[in-house]
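In: Just the structure for this:
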Amino acid sequence: MGVILRQLRDVSSSLVRRASAPEQAGIFAGVNPTTVDLNDPIKLWVLQLIIIIAMTQFLALIGSRIRQPRVIAEVIGGVLLGPSVMGRIPGFTNHIFPPTSLPMLNLTSTIGLILFLFLIGLEVDVRLMKRNMRSSMVISVAGLIIPLGLGAALAVPIYHEFIDPSVKFGQFVLFVAVAIGITAFPVLCRILTETRLLETHVGVVVLSAGVGNDIVGWILLALTVALVNSGSGLTALWILLTAAGYTIFLLVPVRWGFRWIAMRSGSLENGQPTTFMMTLTMILVFFSAFFTDIIGVHPIFGGFLAGLIIPHDNGFAIAIVEKIEDLVSVVFLPLYFAFSGLKTNLGALDDGITWGYTILIIVVAFFSKFLGCSISAKLVGFNLRESGAIGVLMSCKGLVELIVLNVGLSAGILDTKTFSMFVLHAIVVTFITTPLTLWIYPAKYRTRDGPAVGSSSSQDEKGIRDLEDVFKSRFTVVLDKIEQLPAVMTLTQLVRSSSTVTAATVPPSSASDEQEKTPESPLPPALAYGSDGQRRRVSIDALRLIELSRTSDVLKSHEASSLVHSDPILSIVRTFGYLNHIRVTTSLKILSAEDFPTEVAGHAQGNSSQLVILPWGSGFSFGEEVASLSTAPTVTSTPFEKLFGKSAKHLFLPFFGGPDDRLALSFVVQLCMNPAVSATVVRFTKSESSAVTPVSTIDKEEADSLAVNLTYQDTVYDANDTKTRLASNTADNMLWDRYSNNLAVDVSDALQRVTFSTQSSPRPLHAVLETASATILERSTYTRVMVVTGRSRRLAVESHATETKALLEERGASTAPELPKMLGDVGAAFALSNASTSLLVLQACNV
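Out: The predicted structure follows:
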């Protein structure tokens, strides 16, 4: 009888044991929700579910800090809830996980496992094997033969030391060999994506080898289960032949039929499955699991096969994953690991011989994979670091091995002690994979499958020239939400010239994750005025960032080269560029949130961008971006911005001084070269007043320190000493005199549309808000006003920490201390004022 049928039988027999009507008053009648009620098992099941999910999420949060895959948290969580730790608490197991409640838990965990293996089948893209076929095949074969052989050899002493002689020796050897030789493909995909190795030649080869290894692993698993479930060799042969025939049936006629129905329903063309297609998919998954179960193979094998036949065109497979992945990964899958953990008792490892064999299992499992794969990688042309990384990555374990172990435990081939030994080895080997990979193959040694970010001297010189030239025409726009598009379009329209030139040509908008160049188009270009009187071509490089958090994100990372053409946000940007005659290039990256700053900095550097635009509301920390952009090599010419709001024709700039304010003033002058844009620039200074409470020297030093020393690394300038500050003040005065006295001949036309004035106040931030309000009120009838300001976290002329704190208290935002860190004091003041204006905050990078 199949696994699912046995579980249904156990649950059904349990539910009909009691014929009496259940008590309906619940806890008010004194009913204990932890008591097993076979007529109403949902109460205890929900309690078990909550405890399991809470434990898993807590451990996953800790594991994410040290870049561990989620499977580690799920396995450890199950072990902690079992007899190894929590089970030692008196009454815990009898009340929370009593034996009579386990059939229901087992059934739901098996359902989740079937769905998860369906998702794994969706991840397996056989097309990946075509990449670097020779290298991946050599590594995959070496990574199977050597571990399988050493695993079989390891099984001999373990069998004689721990296993009951009634267990068939051949079956035990097969179980151990498969457990040692298998590679966890879903865990491997996650590690490759989180460590950003998918963009490298090493990552592509490992992924290709992992596909072949995974397929062979599933064949071995099917063989193992067939041998266990069969009573004779002939029965096992029938099971294998039937499984092979069913596999061919699914992969050929059923796959063609499913694809035809998806095309007829429009789901494949649109990349979104209809309700009918989702219904058909779920029926296919569970029927496939049912069939493989009744023929004597584990039901999860059917779920895996169903995932293999789903087409990947136009993101169709990704859309299916997005619809079910959260339910599977958050609810169902932790149940399986918890159920497995309930059968793991690390307390059984209570003597030196047991621990000695456990360490031996870990050593053999790791080094058999590591040596086999790394040596074969070296033979096919990889260097030592790349070969070592390949060997480490191919040694990771995970779900498939746990499935093999659970099948062996259920069949009586493994006992609790040997089962616990192998579970511990899986945890250890998977745990060391990520840190060991990063240690052997750090980012500085990686070779990417695309244009590398250069750091040549010519690029450095180009960056310095870009900084000296205040007129910006090359922009990198960072996008992660569709709501950020209006801000980007607003700024682009301001930079763009209002004139139309018909004699020039410009390359059309292009879409590529590798920044490919495209042929020219007869469309007239959008131009920005330059200091030499000529207008320069405006170009936008749109970088779409997707946070790696789900299974669908892993799939997207595999198909980034195709998704960049169909992503709705990038499609809108390309259309906007085409309609406005602006050259647009697009890129799409899927990575963890903590890697966003590094990616933005490297991407801007590689594309020689002059401005990086970060719309407010991005999912990553502003402060982290500051640190990254300022410390990345040769990114010294790349300021950055935060922008929100709608279109504007008049600009208001409060000028206090410092490199950020100088950048803001230069950029405002550039925007005013557009005849449709005007500006008001006011230089504010702080004056003393008896109405203001004096600030002691100690308080002032603390305020200055607060403005400089942040909880994260801020933009790096020269040392904040007297000489540097004097040089900064001199640069402020020179730039102010040059523009306010109209001494800049090359921008004289723009300066005619700029009004300059000075103002002194004991409360400069309040004065800024009042002046801005008056400007907005004056011009609100015929235009919108955009406020432009420098972030001024370093080398500011005056510290506004005290006044900013007072503003936070006045506006009832004293609980938002991060706002000044993100936007600066002036930007935070405008954000708190709720003025009907757009806001543009700029910060200059170090030279």
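
In: Which secondary structure state does Leu614 sit in?
Out: State at Leu614, reduced to three classes by DSSP: H, G, I helix; E, B strand; the rest coil: strand.

In: what sits opposite it in the beta ladder?
Out: Lys642 (DSSP bridges).

In: what's the domain layout of the protein?
Out: Following automatic domain parsing, one gets these domains for the chain: 3-445, 463-641, 648-847.

In: can I get these in TSV with mean pLDDT?
Out: Listed next are these as TSV, based on pLDDT from 0 to 100:
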stretch	mean pLDDT
domain 3-445	83
domain 463-641	64
domain 648-847	73
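
In: now those domains in JSON lines, with mean neighbour count?
Out: Where you see a C-beta, it was placed from the backbone N, CA and C, and this is true even at glycine. What follows is the domains of the chain, written out as JSON lines (neighbours: other CB atoms under 10 Å):
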{"stretch": "domain 3-445", "mean neighbour count": "19"}
{"stretch": "domain 463-641", "mean neighbour count": "19"}
{"stretch": "domain 648-847", "mean neighbour count": "18"}
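
In: Who are the contact partners of the closest residue in space to Val428 that isn't next to it in sequence?
Out: By the measure of CB to CB, 6 or more residues apart in numbering, the closest residue to Val428 outside its immediate chain neighbours is Ile362, 5.3 Å from it. Contact partners of Ile362, counting by CB atoms under 8 Å, 6 or more residues apart in numbering, are 424-425, 428-429.

In: And the residue minimising distance to the centre of the chain, how close does it get to Glu594?
Out: Residue closest to the average C-alpha location in the chain (CA atoms, centre = their mean): Leu548, at 1.9 Å. With distances taken as CB to CB, to the nearest Å, Leu548 is found 10 Å from Glu594.

In: Please apply the same query to Ser395.
Out: The spacing between Ser395 and Glu594, counted by CB to CB, is 25 Å.

In: Kindly report the same for Ile42.
Out: As judged by CB to CB, Ile42 and Glu594 stand 39 Å apart.

In: swap in Thr344?
Out: 32 Å.

In: likewise Lys417?
Out: Going from Lys417 to Glu594 by CB to CB gives 40 Å.

In: In which helix or strand does Thr755 reside?
Out: Using DSSP states H and E, Thr755 falls within strand 754-761.

In: My error: substitute Thr490 in the last question.
Out: Secondary structure assigned from DSSP H and E places Thr490 in helix 485-495.

In: in the stretch 401-550 of the chain, which spans are strands?
Out: Taking DSSP state E, counting those that start in this stretch, the strands of the stretch 401-550 of the chain run over residues 474-479, 527-529, 535-537, 539-547.

In: do the same with the chain
Out: 474-479, 527-529, 535-537, 539-547, 583-591, 611-615, 640-644, 650-655, 678-686, 754-761, 785-790, 838-843 (DSSP state E).

In: Just name whatever secondary elements the fifth one is in contact with.
Out: With contacts defined as 3 or more CB pairs under 8 Å, 6 or more residues apart in numbering; DSSP states H and E, the secondary structure elements packing on strand 583-591 are helix 185-194, strand 539-547, helix 551-558, helix 560-566, helix 568-579, helix 596-606.

In: switch to 6 Å and redo it
Out: On a contact count with 3 or more CB pairs under 6 Å, 6 or more residues apart in numbering; DSSP states H and E, strand 583-591 meets strand 539-547, helix 551-558, helix 560-566, helix 568-579.

In: distance between that strand and the chain's centre?
Out: Strand 583-591 sits 15 Å away from the centroid of its parent chain (CA atoms, centre = their mean, to the nearest Å).

In: Check the fourth one too.
Out: Strand 539-547 sits 15 Å away from the centroid of its parent chain (CA atoms, centre = their mean).

In: got the contact list for it?
Out: 474-480, 567, 569-570, 573, 582-590, 593, 596, 603, 607 (CB atoms under 6 Å, 6 or more residues apart in numbering).

In: Partner strands of it and their direction?
Out: Here, using DSSP bridges, strand 539-547 pairs with strand 474-479 (parallel), strand 583-591 (parallel).

In: To Val785, which of those lies closest?
Out: Of all these, strand 474-479 sits nearest to Val785, with 22.1 Å by CB to CB.

In: Identify the residue spatially nearest to Gly790, adjacent ones excluded.
Out: Nearest one to Gly790, counting by CB to CB, 6+ apart, is Asp660 at 3.0 Å.

In: what do you get for Thr183?
Out: Spatial nearest neighbour of Thr183, excluding adjacent residues (CB to CB, 6+ apart): Asn213 at 4.5 Å.

In: Thought Ala184 was touching the one you found, still the case?
Out: No - taking contacts as CB atoms under 6 Å, Asn213 lies outside contact range of Ala184: 9.5 Å.

In: Quickly note the distance from Gly408 to Val167.
Out: With CB to CB as the criterion, Gly408 and Val167 are 10 Å apart.

In: on that earlier part again, so for Gly63, which of the strands paired with strand 539-547 sits nearest?
Out: Nearest to Gly63 among those is strand 583-591; the distance by CB to CB comes to 17.5 Å.
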